[in-house]
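Q: coords please:
(one chain, ligands or ions: 1)
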Amino acid sequence: MCGIVGLHLRDATLAPRLGSLLTGMLGQMVDRGPDSAGVALYGDPIFSPTGHASVSLLGAAPDLAATVGAALGVSVTGIDLAPTTVLHAPVPAQLLANTVRAVDPGATLIGFGDDVTVLKGMGDPVALAERFGIPAASGWQGVGHTRMATESAVTAAGSHPFAVGPDQCLVHNGSFSNHLSVKRELEAEGVAFDSANDTEVGARFVAKHLAEGADLEKALRLLGDRFDGFYTLLVSTSDSFAVVRDPIACKPAIVAETDAYVAMASEFRALAGLPGIADAHIFEPEPERVYVWHR
Ligand SMILES: NC(=O)CC[C@H](N)C(=O)O
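A: All right, here's what the predicted structure looks like:
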C-alpha cells in the first residue's frame, strides 16, 4: 500500500485553501499507510517566505539557525516542528543547503528550495499534518504521502516525500526491485544517499537527470527505462506536477482535472471532497505514459 495525494492549483483564489484541501485528501489515505507521513508545500508565505530559501531537516542541532547564520553572515530563522526543522535565509537555496550540510553533517536534509517546504514525521498522518499546521497553509501546489514501508525501516527519514533536488519532491507507491543495482551505479558517479529506501534511489535518479538538463518528462522516461518493479509516482518541481505508472500499472492512481486544479490520488475517495469534483475530468493514468502539467 502507501497513499499518495497531490494538488496543483490553477485558480489562485483556491490558494488559501491548499493546506485544508490537502489535509482532507491525506486523511482519506491513512489506512493505506498509517505509520508515518510527509507533506511538501509550494508557495506558503510562512513556510517559504519570499526572498528566502528554505531548508527542511531531520535531527538538526538545537542551535543550527545561529551556526548557519554565523557561517553565512546573514540572519537565519527557524521553525521547529519536531522531528522536522525548517530554516530560512536570504541566500540562494543551494548555498543554504550546502552550508547546512557542512555545519551539521549529522542532520538529514529532507528538502530545499526557494518555494518548497517538506515536513515528515512518524505516527498518524492526520495528527502529524495538524501538528505541522498544514490545514492553515496556503500555496499553489501540495503533495502528501502516507507510508506502509516495504524497503526500509519505519523512520522519519524513510518517510516520503524524497525531495533531493532544488524545489523537487517525489512520492511513490510500490517497490523498485532493482534499486540496489541503480544505487551502486549512482554511487559510482558520486551520488550520496541518506537512507536504505528504494524511493530515494528513484528521487536521486530523477534529480541527477534534471541537474544534467533533462526536462521532467525526459527524466521520468529515463526512470521507466532503468527501473524495474512497481510504481505509481507523483513528482513535482518549481513549475511542474507529473504522474507516471509502471508498465502493468498495478498500483492505483486517479487524476481529476478542472479549470481550477489538477488533483491526483491513489484512490478516488481522496478526491471526492474537492470543490467542483462533480464536473471534473476524471481518469486513471495509462501505464508507462508520463503526464506533466506546468504552472
Ligand atoms: N507501500 C509502498 O508503496 C512503499 C513505498 C516504498 N517502497 C517504501 O518502502 O517506502
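Q: can you give me the strands in the stretch 1-150 of the chain?
A: In the stretch 1-150 of the chain, strands defined by DSSP state E, counting those that start in this stretch lie at 3-9, 36-42, 53-58, 77-81, 84-89, 108-113, 116-122, 141-147, listed in chain order.
Q: I'd like to know which of those strands is closest to the ligand.
A: When the strands of the stretch 1-150 of the chain are ranked by distance to the ligand, counting by Cβ to the nearest ligand atom, first place goes to strand 141-147 at 5.4 Å. From N, CA and C alone the C-beta is placed, and that goes for glycine too.
Q: helices or strands up against the closest one?
A: The elements that strand 141-147 packs onto, with contact taken as 3 or more Cβ pairs under 8 Å, 6 or more residues apart in numbering; DSSP states H and E, are strand 3-9, helix 18-28, strand 36-42, helix 125-132, strand 169-176, strand 229-236.
Q: let's go with 6 Å and repeat that
A: Counting contacts by 3 or more Cβ pairs under 6 Å, 6 or more residues apart in numbering; DSSP states H and E, strand 141-147 packs against strand 3-9, helix 18-28, strand 36-42, strand 169-176.
Q: so for the third one, what's the average pLDDT?
A: Okay, so that is strand 36-42. With pLDDT averaged residue by residue, strand 36-42 scores 97.
Q: Am I right that residue 243 is in a helix?
A: No: assignment of residue 243 by DSSP: H, G, I helix; E, B strand; the rest coil gives strand, placing it outside any helix.
Q: Return the residues in contact with it.
A: 234, 264, 285, 291 (Cβ atoms under 6 Å, 6 or more residues apart in numbering).
Q: Does the last one have any beta-bridge partners, and if so which?
A: Going back to what we said before, that points to residue 291. Listed by DSSP bridges, the beta-bridge partners for residue 291 are residue 243.
Q: what does the first one give?
A: Taking DSSP bridges, one obtains residue 171, residue 243 as the residues bridged to residue 234.
Q: check contacts around whichever residue of the chain sits closest to the ligand.
A: With Cβ to the nearest ligand atom as the measure, residue 2 is the residue of the chain nearest to the ligand, at 3.1 Å. Applying Cβ under 6 Å, 6+ apart to residue 2 gives the contacts 32, 33, 147, 148, 173.
Q: For this protein, which residues are neighbours of the ligand?
A: In this structure, the chain approaches the ligand at residues 1-2, 147-152, 172-175, 197-199, judged by Cβ under 6 Å from any ligand atom.
Q: Could you identify the buried members of the residues you listed?
A: Those of the residues of the chain next to the ligand that meet the buried threshold are 1, 2, 147, 150, 151, 172, 173, 174, 175, 197, 198, 199, by 16 or more other Cβ atoms under 10 Å.
Q: pLDDT score assigned to the second one?
A: The per-residue pLDDT reported for residue 2 equals 96.
Q: What sits closest to it if chain neighbours are left out?
A: With Cβ to Cβ, 6 or more residues apart in numbering as the criterion, residue 2 has its nearest non-adjacent residue at 4.2 Å, and that residue is residue 173.
Q: How much space separates the one you found from residue 264?
A: Distance from residue 173 to residue 264, counting by Cβ to Cβ, to the nearest Å: 11 Å.
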